[in-house]
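In: sequence-free structure coming up:
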């Protein structure tokens with residue numbers, strides 16, 4: 001037999017024997033002391049120990065059962081004090097220590113009931129404590145209104161005696177009403193444990209009520225059948241401790257949250273209304289007024305928490321849960337505010353971002369690492385816009401910034417946000433493409449603004465993809481050249497750097513400038529098809545060799561045309577050796593027929609060729625090279641390009657030319673063009 005079964009059998013037999021004794025005289029007159037002093041107290045102690053034991057072994061339900069067990073232990077202490085001391089006195093005092101211990105059961109029991117409430121939130125627990133205080137005051141007011149005069153008569157008017165007598169029914173009714181309220185919170189779905197608790201408390205309330213009525217009328221006699229109700233109530237609580245507790249979550253919403261406070265608030269309202277129509281004692285009126293004050297406090301607390309919860313819900317609805325930035329809904333709300341009156345709205349800049357390389361990062365390092373990266377990038381974007389705007393995450397790898405810069409800082413603010421969404425490490429490089437829209441100049445509603453920003457973003461993403469393809473092809477071709485002639489790499493870098501500076505001075509746009517630099521790097525790629533015997537020949541080339549050499553620009557164009565992204569570069573390479581007077585090759589173009597990029601490459605290539613060593617001659621100085629360019633300006637070279645080149649070299653920040661190198665792939669820049 002299990003301990004639980006043994007407890008059930010023993011306590012059931014004990015209660016049945018005690019009930020038979022008080023009801024039918026079981027055991028005879030000589031057993032009075034045994035049943036009243038030992039069996040009665042043993043049954044209450046068994047109930048207390050049952051609850052305490054459950055609290056010790058159950059971590060999830062520990063607090064509630066320890067609290068209820070402590071209350072029953074106080075009840076046992078009061079009964080034991082009465083048995084050992086008060087029952088032997090001719091005129092026992094009232095109230096006594098036994099009453100204090102007995103009444104201690106009620107706060108402990110109430111605490112246990114609060115712990116039995118659904119585990120929803122701190123707000124609910126606090127509300128339950130307020131409900132308990134309100135219900136106690138309401139029940140006390142009702143009890144005072146109905147029973148105060150009979151109790152005063154039976155106790156001789158002693159204030160402490162009156163308060164003690166009122167405390168028992170007050171505690172019982174409060175606990176009973178609270179049980180009903182908790183049942184309402186649980187949608188009237190009571191577990192077996194909760195059913196036994198409710199039955200135990202109801203039994204105790206009935207017993208105390210009958211006792212109070214009999215005592216007030218001088219009818220109570222110790223050892224009657226009524227006495228069996230108290231140990232029966234305690235044992236119901238003790239048996240409840242070992243019933244399985246349902247842990248299913250209950251949705252706390254709707255009228256169930258208002259059932260208890262509404263019920264408890266109606267009692268003092270009714271008493272105060274009645275007191276205005278009929279005479280009622282002062283204590284009842286004071287208690288009813290106090291209950292209403294607590295009801296108002298409870299309402300204020302609930303309202304304050306409702307406002308807090310609403311604010312938190314609103315914030316959550318406008319916040320990205322991963323990064324803490326505003327979400328799409330927050331962005332749309334901000335755009336609506338900014339564009340509410342386009343005529344008076346100051347200019348704002350909408351920047352839409354989409355991460356490049358994030359999918360590869362996710363696939364390589366996993367989604368947790370990807371989420372961590374999004375959090376880091378979101379934090380950097382938030383810092384980047386601090387003081388000039390706000391940042392948002394629209395979902396996935398899409399971010400957005402709404403900036404309010406002044407005209408002088410617009411470019412810097414946008415660049416700062418772009419830099420914030422960039423992270424590079426071993427095995428990865430995550431950056432972003434972006435689309436920018438100025439509001440309200442370019443869009444007067446949020447839908448159009450986002451559409452335009454999205455179009456520009458994906459246009460830039462396409463450019464970046466083409467640039468990435470171009471970069472890969474360029475890297476392959478340059479590596480091929482470097483592998484064949486390693487010393488050529490410095491020449492390539494010098495010409496590209498010079499061409500970039502000249503292109504900026506002549507106002508080339510970003511795409512044109514990128515194309516120019518690629519052409520400057522690859523302008524001699526066709527010379528890979530020229531035999532080394534011609535490229536390295538120490539003396540002048542014969543006419544046949546010159547004709548072969550002049551084919552290298554056409555070969556370079558054909559090689560670059562294999563990559564569609566380099567088609568513009570291919571055209572510049574083909575015409576990089578044309579002359580302004582039409583005497584160049586391969587097509588004999590003249591003047592403006594030659595693309596500006598090709599004219600720039602021609603000047604930069606000629607300068608670097610002259611200042612570098614040759615198999616058949618040494619390098620010339622920078623001054624001599626510039627003089628040679630000026631001498632042929634307008635005939636071989638574009639005069640405007642030569643002027644821009646001369647200004648670029650005059651810049652104090654311009655690095656000195658590298659040491660002369662043997663550049664076998666360089667053309668005989670001036671002499672070959674002139675021949």
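Out: Sure, I can see it. Remember, predicted model here, so these are calculated numbers, not experimental data.
In: list the buried residues for the helix or strand where residue 314 lies?
Out: In the assignment (DSSP states H and E), residue 314 maps to helix 282-317. Residues of helix 282-317 classed as buried: 283-285, 287-288, 290-292, 294-295, 298, 302, 305 (neighbour count, 16 or more other C-beta atoms under 10 Å). Where C-beta positions appear, they are placed from N, C-alpha and C, glycine not excepted.
In: who are the packing partners of that helix?
Out: When contacts are defined as 3 or more C-beta pairs under 8 Å, 6 or more residues apart in numbering; DSSP states H and E, helix 282-317 sits against helix 122-155, helix 256-277.
In: following that helix, which helix or strand shows up next?
Out: helix 328-338.
In: for that following helix, which outside residues touch it?
Out: Here helix 328-338 makes contact (C-beta atoms under 8 Å, 6 or more residues apart in numbering) with 317-319, 326, 345, 348, 350, 390, 392, 394-395, 400, 402, 439, 446, 449.
In: surely residue 292 and residue 270 touch.
Out: No - counting by C-beta atoms under 8 Å, residue 292 stays clear of residue 270, with 11.1 Å between them.
In: separation between residue 221 and residue 546?
Out: 139 Å (C-beta to C-beta, to the nearest Å).
In: between those two, tell me which one has more neighbours.
Out: When residue 221 and residue 546 are compared for neighbours, residue 546 comes out ahead with 15 against 9, by other C-beta atoms under 10 Å.
In: which pLDDT value goes with the more buried one?
Out: Here, the pLDDT recorded for residue 546 equals 80.
In: what does the one 5 residues further on give?
Out: Model confidence at residue 551, given as pLDDT, is 86.
In: list the contacts of it.
Out: Counting by C-beta under 8 Å, 6+ apart, residue 551 makes contact with 526, 529, 586.
In: quick check: the gap between the second one and residue 609.
Out: Here residue 529 is placed at a distance of 20 Å from residue 609 (C-beta to C-beta).
In: which one's more surrounded, these two?
Out: Higher neighbour count among residue 529 and residue 609: residue 609, with 23 against 14, using other C-beta under 10 Å.
In: quickly find the element holding that one.
Out: Counting by DSSP H and E, residue 609 is part of helix 596-610.
In: what's the answer for residue 45, then?
Out: helix 40-57.
In: neighbouring contacts of the next helix or strand after that helix?
Out: Under the assignment DSSP H and E, the closest C-terminal helix or strand after helix 40-57 is helix 62-84. Applying C-beta under 8 Å, 6+ apart, the set of residues contacting helix 62-84 from outside is 36-37, 40-41, 44-45, 47-56, 58, 92, 96-102, 104-109, 111-112, 115-116, 234, 237-238, 241.
In: which ones are touching residue 371?
Out: Residue 371 is in contact with residue 322, counting by C-beta under 8 Å, 6+ apart.
In: check which residues of the one helix or strand it maps to are buried.
Out: Using DSSP H and E, residue 371 falls within helix 367-384. Neighbour-count burial for helix 367-384 flags 370, 373-374, 377-378, 380-382, 384 (criterion: 16+ other C-beta under 10 Å).
In: again, but for stretch 41-61
Out: Within stretch 41-61, the residues that count as buried by 16+ other C-beta under 10 Å are 41-55, 58, 61.
In: centre of the chain to that stretch, how far?
Out: 43 Å (C-alpha atoms, centre = their mean, to the nearest Å).
In: phi and psi next, for residue 61.
Out: Torsion angles at residue 61 (phi, psi; degrees, to the nearest 10) stand at phi -110, psi 20.
In: distance check, the closest residue to residue 461 other than its chain neighbours against residue 86.
Out: Of all residues not flanking residue 461 in the chain, residue 433 sits nearest, at 4.0 Å (C-beta to C-beta, 6 or more residues apart in numbering). Distance check for residue 433 against residue 86: by C-beta to C-beta, it reads 89 Å.
In: of those two, give the one with the bigger neighbour count.
Out: The neighbour comparison of residue 433 against residue 86 (other C-beta under 10 Å) goes to residue 433, with 21 against 16.
In: helix or strand for the more buried one, just tell me which one.
Out: Going by DSSP H and E, residue 433 is in strand 428-439.
In: next: residue 177.
Out: helix 159-185.
In: now the helix holding residue 314 against helix 159-185, angle please.
Out: Comparing the axes of helix 282-317 and helix 159-185 via axes from the mean of the first three to the mean of the last three C-alpha atoms, to 10 degrees yields an angle of 30 degrees.
In: quick check: closest non-adjacent residue to residue 430.
Out: Per C-beta to C-beta, 6+ apart, closest to residue 430 is residue 357, 4.4 Å.
In: was I right about that neighbour contacting residue 428?
Out: Yes - here residue 357 reaches residue 428: they are 6.6 Å apart, a contact under C-beta under 8 Å.
In: gap between the spatially most central residue of the chain and residue 361?
Out: Centroid-nearest residue in the chain: residue 321, 2.9 Å away (criterion: C-alpha atoms, centre = their mean). Here residue 321 is placed at a distance of 20 Å from residue 361 (C-beta to C-beta).
In: returning to that earlier point: pull the distance from the helix holding residue 314 to the chain's centre.
Out: The chain centroid and the centroid of helix 282-317 are separated by 30 Å, computed with C-alpha atoms, centre = their mean.
In: report the rounded mean pLDDT for it.
Out: Averaging pLDDT along helix 282-317 yields 80.
In: same question for stretch 190-208.
Out: Stretch 190-208 comes out at a mean pLDDT of 87.
In: so which bits of it are buried?
Out: Using 16+ other C-beta under 10 Å as the test for burial, stretch 190-208 gives 190-191, 193-194, 196-205, 207-208.
In: contact partners of it?
Out: 109, 116, 168-169, 172-173, 175-176, 179, 182-183, 186, 226, 229-230, 232-237, 239-241, 243-246.
In: please spell out the PyMOL selection for the buried subset of those.
Out: To isolate the buried members of the contacts of stretch 190-208 in PyMOL, using 16+ other C-beta under 10 Å:
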select buried, resi 109+116+168+169+172+173+175+176+179+182+183+186+226+229+230+232+233+234+235+236+237+239+240+241+243+245
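In: any stretches of the stretch 51-200 of the chain with poor pLDDT?
Out: Along the stretch 51-200 of the chain, the model assigns pLDDT under 70 to residues 117-126, 128-129, 132, 136, 143, 146-159, 162, 181-189.
In: try it again at 90.
Out: Counting by pLDDT under 90, the low-confidence segments of the stretch 51-200 of the chain come to 58-64, 85-95, 109-195, 197-198.
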